[in-house]
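# My questions concern the predicted model and sequence given below.
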Amino acid sequence: MKNNTGLPIILIGGGGHARVLADILLQQDKQIAAVVSPEPLMESPLFDGINHLSSDEDVRRYAPDEVLLVNAIGMLPGADSRKKVCEYFLAQGYTFESVIAPTATVSAYATIKQGAQIMSGAIIQAGAVIGEQTIVNTQAVIEHDCQIGSRNHIAPGSTVCGEVTTGNDVFVGAGATIINGMTIGSNAIIGAGTCITRAVDDGKTVRR
Ligand SMILES: CC(=O)SCCNC(=O)CCNC(=O)[C@H](O)C(C)(C)COP(=O)(O)OP(=O)(O)OC[C@H]1O[C@@H](n2cnc3c(N)ncnc32)[C@H](O)[C@@H]1OP(=O)(O)O
């Protein structure tokens, strides 16, 4: 995991998820060089004094070894902008920084892969692996020995019990519970508040 390198950060995205990430990064005294958003930036003290770039191409003013990127586009069911941004910038040699909120609890025996985002109050237990670019959102719990794939969004307040495996691009809705040992296929959508007690196939949506 690449972290705390001291290079300035560019946030790709300027919406709600971007402001939550900016809040965490500023608490950690990280320098945010720019925010990329095609829309005007929302008036917020979090963005005071930060350059506004209006397109992904503008990021190329910064060489890949001069900055770190943070993928600040949220992930909602069915949306693939977060994935596209990831693929576009990785292909050009940029590096995505991981973000771990100071109030998150991450076991020293867990693995957080590059570009993952562990938000406030989240708990990652021993033996868990969090895939690249995955968001473990506010107060979500990833129990021991889970293998969470790339670009998942584990939404606020959800509980992933021990030894669960998820594929890539999985969305786990707010407050959902996945019982221990389950396998969730790639691109599955687990509805908010759902309790998963059986394996979920690739691409399947589960509601309560
Ligand atoms: C920081 C953040 O905010 S992160 C964001 C966190 N957000 C979430 O977790 C939201 C997760 N999204 C959901 O749970 C969604 O509702 C989905 C993806 C499961 C389903 O979305 P859609 O297919 O668009 O369903 P849609 O909204 O059209 O609803 C269809 C029906 O299912 C119901 N429904 C939708 N989601 C759920 C759910 N999670 N549990 C039970 N019923 C549901 C709706 O009430 C509606 O019922 P109705 O036909 O009686 O009116």
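Looks like it came in fine. Numbering: from 1, shown residues only.
# pretty sure residue 34 is in a strand, no?
Yes. Residue 34: assigned to a strand according to DSSP: H, G, I helix; E, B strand; the rest coil.
# Residues in a beta bridge with the residue minimising distance to the centre of the chain, which ones?
When Cα atoms, centre = their mean is applied to the chain, the residue found nearest the centroid is residue 135 (2.6 Å). According to DSSP bridges, the residues that bridge with residue 135 are residue 117, residue 153.
# quick one: the helices in this protein?
Read by DSSP state H, the chain holds these helices, from start to end of the chain: 16-27, 81-91.
# which of those is buried the deepest?
Of all these, helix 16-27 carries the top mean neighbour count, a mean of 19, counting by mean count of other Cβ atoms under 10 Å. From N, CA and C alone the C-beta is placed, and that goes for glycine too.
# Using PDB, write down the CA coordinates of that one.
Below are the C-alpha coordinates for helix 16-27, written out as PDB (Å, rounded to 0.1, in the frame of the first residue of the first chain):
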ATOM      1  CA  GLY A  16     -20.300  14.800  -1.800                       C
ATOM      2  CA  HIS A  17     -17.800  11.900  -1.700                       C
ATOM      3  CA  ALA A  18     -15.000  14.300  -2.700                       C
ATOM      4  CA  ARG A  19     -15.900  16.700   0.100                       C
ATOM      5  CA  VAL A  20     -15.800  13.800   2.700                       C
ATOM      6  CA  LEU A  21     -12.400  12.700   1.400                       C
ATOM      7  CA  ALA A  22     -11.100  16.300   1.400                       C
ATOM      8  CA  ASP A  23     -12.200  16.600   5.000                       C
ATOM      9  CA  ILE A  24     -10.200  13.500   5.900                       C
ATOM     10  CA  LEU A  25      -7.100  14.500   3.900                       C
ATOM     11  CA  LEU A  26      -7.100  18.000   5.400                       C
ATOM     12  CA  GLN A  27      -7.300  16.500   8.900                       C
END
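# Which other helices and strands does it contact?
Applying 3 or more Cβ pairs under 8 Å, 6 or more residues apart in numbering; DSSP states H and E, one finds that helix 16-27 makes contact with strand 9-12, strand 32-36, strand 99-100.
# and the longest one, which residues are buried?
Just to be clear, that refers to strand 32-36. Judged by neighbour count (16 or more other Cβ atoms under 10 Å), strand 32-36 contains these buried residues: 32, 33, 34, 35, 36.
# residues touching the fourth one, list them.
In other words, residue 35. Residue 35 sits next to 10-11, 13-14, 18, 22, 41, 47, 50-53, 72 when contact means Cβ atoms under 8 Å, 6 or more residues apart in numbering.
# Redo those residues as CSV? Include distance to the ligand and pLDDT.
Conversion of these to CSV gives the following (distance: Cβ to the nearest ligand atom, whole Å; pLDDT from 0 to 100):
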residue, distance to the ligand, pLDDT
10, 22, 98
11, 16, 98
13, 13, 97
14, 16, 96
18, 12, 97
22, 15, 98
41, 19, 91
47, 18, 93
50, 22, 94
51, 26, 95
52, 23, 96
53, 24, 97
72, 13, 97
